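# what's the 3D shape of this:
(chains A and B)
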Amino acid sequence: MIVQELTHIQERCGYLPDNELNALSERLRVPLHRLHEVASFYPLYRRTPPPAVTVQVCRDMACHLRNADGLQRDLEALGVEIGGGRVEVKGVSCLGQCDRPVAVVVNDHVYRGLSDEELRDRVRKGAAGEPLPQQHADRAPLGWKIDPYNGEPRYDAVRRFVGDRNGDAILKALEISALRGMGGAGFPTFRKWSAVRGAPGDIKYVVCNADESEPGTFKDRELMRRAPHLVIEGMILAGLIVGAQKATLYIRHEFHEETEVLQEAIAHAEKMGVCGANVLGSGIAFPVDVFVSPGGYIQGEESALLEAMEDRRGEPRNKPPFPVFQGLFGKPTVINNVETLSWVPGIVLNGGAWYRDGGVNGATGMRFVSISGDVNRPGVYEVPFGQTVRDLVFNTAGGMRDGQKLKALAPSGPSGGFLPPLLRRENLPPKFVADKMGDAATLDLLDVPLDLNTMAAMGFMLGAACVVYGDRADLVDNAQNCAEFFRNESCGKCVPCRIGSQKLVDLMTELRRGEFRLDSERSRGLVPLVRELGETMTITSICGLGMVASNPVTALLKHFPEELDRHLPPHWRGNGAAKEHAR
Amino acid sequence: MTAELVSLTIDGHAVQVPPTTTAYDPQYKKNVEVPTTIYDAALELTRQKGITNPIPILCHREHVNPVAVCRVCVVEAGPPGVGRLTPACQRAVEPNMQVRTAETSPRVRDSIKVLTELLLADQPKSDGPRSGENPNELLQIAKRYGVTGSRFPAPARSRGRDESSLVIAVDHDACIMCDRCVRGCNDIRDNQVIGRAGKGYSAHIAFDLDQPMGDSSCVACGECMISCPTGALTFRSPVQAAPWKDANPPAETVTAEVLAKHPLFDGVATSFLQWNQGAVVRRRFRKDDIICKEGDFGSSAFYIETGTVDIFLKSPVKHVKSDKGSSGAVNHGLFGLIRKFTSKLESRGNDKRDEESTTRYIPIDAPVSLAYDNPIAQLHAGDIFGEMTCMSSYPRSATVRATGDVTVLEFQRNVLYILQRNKKSRALLDESYRARAVDTHLRGVRLFAELLKDEAMFKRFVDFLRPRVELQRLVPGHVVFRQDEPADHFYLVRLGFVKVAQRRPGGEHVITYIGPGGYFGEIGLLGNIPEIEALALPGIRTATCSALDHADVVRISGDDFAHVLQEFPPVRDHLVKVAIERIQENEAIRQRAQKEQLGEFLKQGLVSAQSLLVLDLERCTRCDECTKACADAHDGVTRLIREGLRFDKYLVASSCRSCLDPYCMVGCPVGSIRRRNSREIIIEDWCIGCGKCAENCPYGNINMHPFETGEKAAHPITGRMTPVVQQKATTCDLCQGLPDGQPSCVYACPHDAAFRMTGEELIKQVEGVKVGGSSSR
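Down below sits the predicted model:
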């Protein structure tokens, strides 16, 4: 109960005063250091009284591309102008509003797509103690294939299961569908559910990971708001099939409206009897609830998420053991992403082949993609797996903004680094080159089908984020921006990530300050040092964050040596030098 | 259950281990079976082959549960040359696992080197460990893998040091967040103080709610220091044995090994005692030897091992009384009348003063109080005394004399600090307090004085409280409670001082300091008593109370306190009377302060002054007759100095101004100085003449007045028998007792430039308002 209690104090007092923590420590019989460990870890909590207005400007990827830095400085200046310490302006990690940059939180309100003047008005209002206007988002269904009910919560899949109790049939449908985890790792859903179903133990849990925090990713936000009944039905089905006792949806705290929609939808589902004390008269109790995250990107890592639910610092666990065997409170646990669970009702009702055959260009299945950056129509789209980059950027997303040329694409937010429009043969795995490239020296990125298998064969990651950079973008600056994101969000548990992510930023700063000197031994060693550091972080970190934190910088060295050139001393410039040093 | 052994290879060497091993689970405080790890298997191999363990560890130790955060123990357990590495300290063994360590895998070796470089980049420049410290394990790993420096940039900022603890220094720059101190504190010792705070690169170890270590609930057990691999937690200062160089009887050093077996030191880490070697000595006294003398300065405390001592006040329990001289009060002199007092010592019975304490017991720095009528008591084996002198350098409060052969342990502050924080020693000392001292402590509390008239009732009272009192040791600055917080406990001060302050316009104002024998926290608990109801909000603290120094307080719960009020009416009556006076007085000051808002004036404590000596500088010729007259009237010792603050044309001469912050009261070892409700100072009869209050008074308004006690003793230098002189503290007495009722200073002024007036009257003067009878009194 520590997290909920702290959240409650934070809401009541605006921060966590010592005397409240002392009282809580006595009441819960928990040592003070345990409370402070948790209180000082999560960004939702503050330990000092808040000023009249707190302003948090998103600093990542799409917002960074739209000069979030400049906006933050302007708002800081406004704060100084208002004076009296009434305004506090800080940067904040991606708020999941990348389709309408720059996202800014003013007190508890998340604003997106506002003009500078509108934002200044909000800050002034807040400083004067006036109430701030709510910015509402559309909740209407959009006719997606994923929703067999088109917005009407019918829970037919749960009804069918309660009718025939045929869990094997549902697992079979999942197997045929080849549905994979949509949170980034792509683990086959059927295997995960089967493992938990087969794991010994009376107590099992279902957790839905709705802590969508990867910069550039905001598809779950739309799914939860426009079709909340799907993820709820997915959780109920998972629970009934694996024999779990309850399901919890873990949602990031900035998703106020989505939390509200989900809570209403759960209440409605309980009223319909599809979850709660007695599921459709079956005698099975299966409650579903919402756990609001106290914040932080790392909570999206599944074991860190479990740690938060268990009232500890949200630090990833060493794995193995994996959560399917030792998850929440040490019990077997299904943890699935919102979208993964949301596809399940459709697969149950329409059959596994329906989903599988939704793919194109030899790929299977469908997915939601969030596209942002320098495109004309940023947003969330339901697309087939295997769609080419060309189709996604130029048809789905309406082409490049302001007629810019495509300079780079981040297919997995910051985690996968940037890919160039022309991929050099020497930068791709030999097997892929032999199989697919023939004699060609380069591969056009626009022709690449966006599918997990193809991307993996190329040595890339495929996430739900697709951030597009036009030719005006400074990639060195943007790579540093991504490196800073990982530094900011590292939990600090293991050495390679805690110190490594900071040193990467330090090295990038050194590079951009023009401190590379041809005659200096240190400078000569810098590029190899970054590569060594990246390798060590990737193979020794506890979790995925440390594994990928060096990707933005190492991908820059690998694919964009000419971008690096501009920061090198004159003698080093030109194709050869930087490339040689990058090797 | 005998499980089959698991076979695996480490660098090609086959080894077999059981699938689980026994480990201690701190959460459930019992042994549990946990999976055998790769590191365990490597240890087994090492034992069998007699080779060096190929796997280095930094955040792991065999006796703690693995956390696998430093990653220097990573190994390859999958196919060679690809995939991620796994931490040997945490990863469970699996059948037919093929483990490759740094010995056979270049990837593992390179990773360890990069990790070491990362850690080294953030380490402070060091001169190497001091003697007695653990070797730096990070540097050992660096040496083992040939890492001579770091290619990574050093951090831009220092993470800071924390030297608030008397015994342990924290260097956050050297901390690598290995979690070993955290597990030592919480899992091994179950002290529950250290945690990890913050996040990411700014994560750091923290005590309680991230307090300085010395202000936290740290018990100074030393486990964290012993656990630390990089010297981020170190012993603060080695002890010098110097204080006992010339001790008589001589001081015998007690070794750490002997102390470790001593019941008093049970639970204190031996290595900690080793570092403190020389800070504890054993001394053997014979009958009538003086162990310490009241008023002396010192820095040690005593623990009686064998024998019995007398503890007593040698100074006469009397106060200074100024009387008309026996030769007849008034003589004619140069300026007319010269007035003269004879100062002599008087006791309570013969000279009753306003608001004089009626307590029959005097609190001292020992687990007894002394009777007013016969200030002597005995301490026995197992008693500790001199704690206040030791912790806060106050003068000794009483004289201690051996009644036969006595052995004591005498120790310095470091050691007492550890004892007070070590759970077992504290339990021992607390038990001794509860068993014997609680009775005499309660006798020494003014509040309970009335109860003593009925010994049976007092016994019932003590028996009720004995099992219910809770001893708390406070570090300087510790806030016991804050103004406006809900009230739940009542407190008695046993040792040390507690500051009582209120928020008022213009900042925080100290109302008083409460020393040994005092009490606080009653007003918040009296709110539902009809007489108080109208004056204070029930259940709400009216002031903030915090420890001024190392203070021992006794806590009584609100419920038990309510029971006392109900069952023991004299306590209730006294308490209500004093509480009403306290509240009204505070309220009056608050209102005056609000009305007047004279910043500097207020700060200097003049508003509340009852009788200022004010000199009109336009008339004053600086002849100093006022000072001379004061000296003449008081056996040649002046109680006023013609210096002070100027307001307009008025000089407020230095004489007791009943400051808002009565700093003089801090440190009186016997609690004989306190305020009357009118806020002036009264010095109780049991002043031992140590001079602490005179030294504390920022205005020089307390003076030490020597008296002959009538005894004679050998002069320390000449050896001649000379009269023994006893000092007593005095403050301005307004020459009360002289025939015309005028203070001598005012009387003596030949220029009509000296007046006595209240603070309020002075303000009105300065503001130009005529006040009739401005030379009041």
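# In space, what's closest to residue A:349 - neighbours in sequence excluded?
residue A:148 (5.0 Å; C-beta to C-beta, 6 or more residues apart in numbering or on different chains). To be clear about C-beta, it is placed using only N, CA and C from the backbone, and glycine gets the same treatment.
# And residue A:279, by the same measure?
Distances taken as C-beta to C-beta, 6+ apart put residue A:286 closest to residue A:279, at 5.2 Å, once the chain neighbours are dropped.
# Might one say that the one you found is in contact with residue A:247?
Yes - applying C-beta atoms under 8 Å as the test, residue A:286 and residue A:247 come out as touching, 7.1 Å apart.
# Get me the contact residues on the stretch 401-550 of chain B for chain A.
Residues of the stretch 401-550 of chain B lying close to chain A by C-beta under 8 Å from any C-beta of the partner chain are B:482, B:485.
# In the stretch 401-550 of chain B, what residue spans correspond to strands?
B:406-412, B:470-474, B:479-481, B:489-495, B:498-504, B:507-514, B:519-520, B:544-547 (DSSP state E, counting those that start in this stretch).
# in the stretch 301-450 of chain A, what residue is nearest chain B?
For the stretch 301-450 of chain A and chain B, the shortest gap (C-beta to the nearest C-beta) falls at residue A:318, measuring 4.9 Å.
# Local confidence estimate at that residue?
For residue A:318, the pLDDT comes out at 95.
# residues contacting it?
Applying C-beta atoms under 8 Å, 6 or more residues apart in numbering or on different chains to residue A:318 gives the contacts A:542, B:68, B:87, B:90-91.
# In strands, which of these fall?
Per DSSP state E, strands hold the following members of these: residue B:87.
# Next, format the contacts of residue A:318 as a markdown table and append pLDDT, neighbour count and distance to residue A:398.
Output for the contacts of residue A:318, formatted as a markdown table (pLDDT from 0 to 100; neighbours: other C-beta atoms under 10 Å in any protein chain shown; distance: C-beta to C-beta, whole Å):
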| residue | pLDDT | neighbour count | distance to residue A:398 |
| --- | --- | --- | --- |
| A:542 | 97 | 27 | 40 |
| B:68 | 97 | 23 | 48 |
| B:87 | 97 | 28 | 48 |
| B:90 | 96 | 23 | 49 |
| B:91 | 96 | 24 | 49 |
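# any common contacting residues for residue A:286 and residue A:247?
A:236, A:239, A:275.
# between those residues, which has the most around it?
residue A:236 (31 neighbours; other C-beta atoms under 10 Å in any protein chain shown).
# For chain B, see how far away residue A:525 is.
6 Å (C-beta to the nearest C-beta, to the nearest Å).
# hang on, the earlier thing: strands - which of the shared contacts of residue A:286 and residue A:247 land there?
Short answer: the shared contacts of residue A:286 and residue A:247 have none in strands (DSSP E).
# Now for whichever residue of the stretch 351-500 of chain B sits closest to chain A, how many residues are close by?
Distance from chain A to each residue of the stretch 351-500 of chain B (C-beta to the nearest C-beta) is smallest for residue B:485, at 6.4 Å. If you count neighbours by other C-beta under 10 Å, residue B:485 ends up with 15.
# Residue B:58 now?
25.
# Would you check that it makes contact with residue B:176?
Yes - proximity of residue B:58 to residue B:176 meets the contact threshold set by C-beta under 8 Å, at 7.4 Å.
# ok, the residue of the stretch 51-200 of chain B found nearest chain A - contacts?
Nearest residue of the stretch 51-200 of chain B to chain A, counting by C-beta to the nearest C-beta: residue B:195, 3.2 Å away. By C-beta under 8 Å, 6+ apart, residue B:195 lies in contact with A:31, A:33-34, A:36-37, B:182, B:186, B:205-207.
# which bits of the stretch 51-200 of chain B sit near chain A?
B:68-72, B:74, B:83-85, B:87, B:90-92, B:107, B:110-111, B:114-115, B:118-119, B:121-122, B:151-153, B:155, B:176-177, B:186, B:192-200.
# ok, 6 Å please
B:68-71, B:74, B:84-85, B:90, B:111, B:114-115, B:118, B:151-153, B:192, B:195-200 (C-beta under 6 Å from any C-beta of the partner chain).
# Could you list which of these belong to helices?
B:111, B:114-115, B:118 (DSSP state H).
# and residue B:301, which of the three is it?
Judged by DSSP: H, G, I helix; E, B strand; the rest coil, the three-state class of residue B:301 is strand.
# show me what contacts the nearest residue to it once chain neighbours are set aside?
In this structure, residue B:301 finds its nearest non-sequential neighbour in residue B:390, 3.8 Å apart by C-beta to C-beta, 6+ apart. Residue B:390 is in contact with B:300-301, B:413, B:416, counting by C-beta atoms under 6 Å, 6 or more residues apart in numbering or on different chains.
# Neighbour count and pLDDT added to those, as JSON lines?
Formatted as JSON lines, the contacts of residue B:390 follow (neighbours: other C-beta atoms under 10 Å in any protein chain shown; pLDDT from 0 to 100):
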{"residue": "B:300", "neighbour count": "22", "pLDDT": "87"}
{"residue": "B:301", "neighbour count": "24", "pLDDT": "91"}
{"residue": "B:413", "neighbour count": "20", "pLDDT": "81"}
{"residue": "B:416", "neighbour count": "24", "pLDDT": "85"}
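# now the helices for the stretch 1-150 of chain A?
Ranges of helices in the stretch 1-150 of chain A, per DSSP state H, counting those that start in this stretch, are A:2-13, A:18-28, A:32-39, A:61-65, A:68-82, A:116-127.
# can I get the strands of the stretch 401-550 of chain B in TSV with distance to residue A:280?
Listed next are these as TSV, based on distance: least, C-beta to C-beta, whole Å:
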stretch	distance to residue A:280
strand B:406-412	74
strand B:470-474	56
strand B:479-481	55
strand B:489-495	55
strand B:498-504	61
strand B:507-514	65
strand B:519-520	64
strand B:544-547	60
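# which of the ones you listed sits most buried?
With neighbours taken as mean count of other C-beta atoms under 10 Å in any protein chain shown, these reach their highest mean count in strand B:489-495, at a mean of 25.
# avg pLDDT for that one?
Mean predicted confidence for strand B:489-495 is 89.
# if you skip the residues just before and after it, what's nearest to residue 109?
No chain was given, so I picked chain A. residue A:132 (5.1 Å).
# The chain in question should be chain B.
residue B:102 (4.1 Å).
# same question, residue A:383
Using C-beta to C-beta, 6+ apart, the closest residue to residue A:383 is residue A:369 (5.4 Å).
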